[in-house]
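Trainee: Fold the following for me, if possible:
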Amino acid sequence: SNSVILTVTDVNGNSDTATATVTVEDKMKPTVLIKNITVQLDATGKAVVTASQIDNGSTDNCAIARMTLDKTTFDCTNIGSNSVVLTVTDVNGNSDTATATVTVQDKIKPTVVAQNITIQLDATGKAV
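Mentor: This next block holds a predicted model:
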């Protein structure tokens, strides 16, 4: 709410004033811009993404208060394409969403540990 003073002056120079309240509202949703990303699982089989990694320059006519993702952690069960929803909320509570793709990859080779063993052939000359 903003108080304004209205002054009216007639052709003879007479004037009067009154105070009015002008209420300014922001009803415009933010513009959500996303980008698809690819992430690698770490040595523990996990990957974490943030809203800023998915955001591709979202804007608002006033200001953006926060950006959130509906899913931020991924593991071995998420290998491949995963949909995530980016929600952008402005300082006046307006929000909008867009869906991006997070492609999860596992590029870490397994660790092989071998040991030497001794085995005996059986009567038929075979060993398992």
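Trainee: residue nearest the centroid of this protein?
Mentor: The centroid of the chain falls nearest to residue 51 when counting by C-alpha atoms, centre = their mean (2.8 Å).
Trainee: mind checking the backbone torsions on the spatially closest residue to residue 46 that is not a sequence neighbour?
Mentor: Among residues not flanking residue 46 along the chain, residue 75 sits closest, at 5.6 Å (C-beta to C-beta, 6 or more residues apart in numbering). Where you see a C-beta, it was placed from the backbone N, CA and C, and this is true even at glycine. Torsion angles at residue 75 (phi, psi; degrees, to the nearest 10) stand at phi -140, psi -170.
Trainee: and residue 75, what does it touch?
Mentor: Contacts of residue 75 were listed using C-beta atoms under 8 Å, 6 or more residues apart in numbering, and they are 41, 45, 46, 47.
Trainee: I'd say the last one and residue 103 touch.
Mentor: No - contact between residue 47 and residue 103 fails when scored by C-beta atoms under 8 Å: they sit 10.4 Å apart.
Trainee: Quick check: neighbours shared by these two?
Mentor: With C-beta under 8 Å, 6+ apart as the test, residue 47 and residue 103 both reach residue 39.
Trainee: Compare these two (neighbour count), which wins?
Mentor: Using other C-beta atoms under 10 Å as the criterion, residue 47 and residue 103 rank with residue 47 on top: 20 against 15.
Trainee: The more buried one: which element?
Mentor: Per DSSP states H and E: residue 47 is located in strand 46-48.
Trainee: What helices and strands are in contact with that strand?
Mentor: Identification of packing neighbours for strand 46-48 by 3 or more C-beta pairs under 8 Å, 6 or more residues apart in numbering; DSSP states H and E yields strand 73-75.
Trainee: from the contacts of residue 75, which would you call buried?
Mentor: 41, 47 (16 or more other C-beta atoms under 10 Å).
Trainee: Farthest pair within the contacts of residue 75?
Mentor: Based on C-beta to C-beta, the longest span within the contacts of residue 75 runs between 45 and 47 and measures 8.7 Å.
Trainee: how close does the residue nearest to residue 46 get to residue 86?
Mentor: For residue 75, the distance to residue 86 equals 21 Å [C-beta to C-beta, to the nearest Å].
Trainee: Over to residue 7?
Mentor: Taken as C-beta to C-beta, the span from residue 7 to residue 86 is 48 Å.
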